[in-house]
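**Q** 3D model of this:
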Amino acid sequence: MIKRSILGAGTVIAIALSGGAAAADAGWYLGGSLGQSRFDVDTSGFTGSVDKRDTAWSLFGGYQMNRNLGLELGYTDFGKATFNGTLGLAIPPVPAGAGARGGIDATAWWLAAVGTIPFTERLSGYGKLGLNYNEVKLNATVGGFSGSTDDRNVGYLGGLGLKYNFTPSIGLRGGWERHRVGDDSVGGKGDIDLWSLGLHVRF
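**A** Alright, predicted model coming up:
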């Protein structure tokens, strides 16, 4: 049910490397975020309601090498897209007009390079680009027949956002990410957009 092709990951903010960055800019951090996901769901051949949005959450940690460049590892649960309606086309042995309902769940582990551009002492912009190891599960009941399938695949991700540091150790960040997930065995490759707001703590 996920489209086979759509726009790739968004363009990442250019990383401005600085060889003279102070050692104080380096360090480890942990964080978490909460937001909303939007699944790219293909509704061709289907009539009814489709809820493409759900609550999503992430946990992440990373190492800031200098004020401009870091490496981040994380896990994201994108939630579920759900559908409920009827088939517009026959899929033997299921006839056209048969009821169809179900959901698509997605999660991912990911690793990304994060480039940061400071605007002020506290406010900065960031961009990330990396890879994810995703799992997509499809559960459906169509015309009285029920089934499920799942697939694990390597995709990519990109994102943009803003960070604000309340103190040298605690910061707030908000942004957008796009993850490419799925495989042909679950209906094709597609994208999930994620808007989130989170906190991070630096050690």
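**Q** so in terms of bridging, what pairs with residue 133?
**A** With DSSP bridges as the criterion, residue 133 is bridged to residue 109, residue 154.
**Q** enumerate the positions of stretch 81-88 that are buried.
**A** Within stretch 81-88, the residues that count as buried by 16 or more other CB atoms under 10 Å are 81, 82, 83, 87. All C-beta spots, glycine's among them, are computed from the backbone N, C-alpha and C.
**Q** so what's the second one closest to, chain neighbours aside?
**A** Translated: residue 82. residue 103 (4.4 Å; CB to CB, 6 or more residues apart in numbering).
**Q** A strand includes that neighbour, no?
**A** Yes. Applying DSSP: H, G, I helix; E, B strand; the rest coil, one finds residue 103 inside a strand.
**Q** does it really touch residue 84, like I thought?
**A** No. Applying CB atoms under 8 Å as the test, residue 103 and residue 84 come out as separate, 9.5 Å apart.
**Q** what's the burial count for residue 37?
**A** 24 (other CB atoms under 10 Å).
**Q** test for you: state the pLDDT assigned to it.
**A** Looking at residue 37, its pLDDT reads 97.
**Q** same question, the one 3 residues further on
**A** Residue-level confidence at residue 40 comes out at 88, pLDDT.
**Q** which strands border the helix or strand harbouring residue 74, and is each parallel or antiparallel?
**A** In this assignment (DSSP states H and E), residue 74 forms part of strand 69-87. In the sheet, strand 69-87 lines up against strand 46-51 (antiparallel), strand 53-64 (antiparallel), strand 99-118 (antiparallel) (DSSP bridges).
**Q** ok now the helix or strand of the chain with the lowest mean pLDDT, how far from the chain's centre?
**A** Between all helices and strands in the chain, the lowest mean by mean pLDDT, DSSP states H and E belongs to strand 46-51, at a mean of 86. Averaged C-alpha coordinates place strand 46-51 at 22 Å from its chain's average position (CA atoms, centre = their mean, to the nearest Å).
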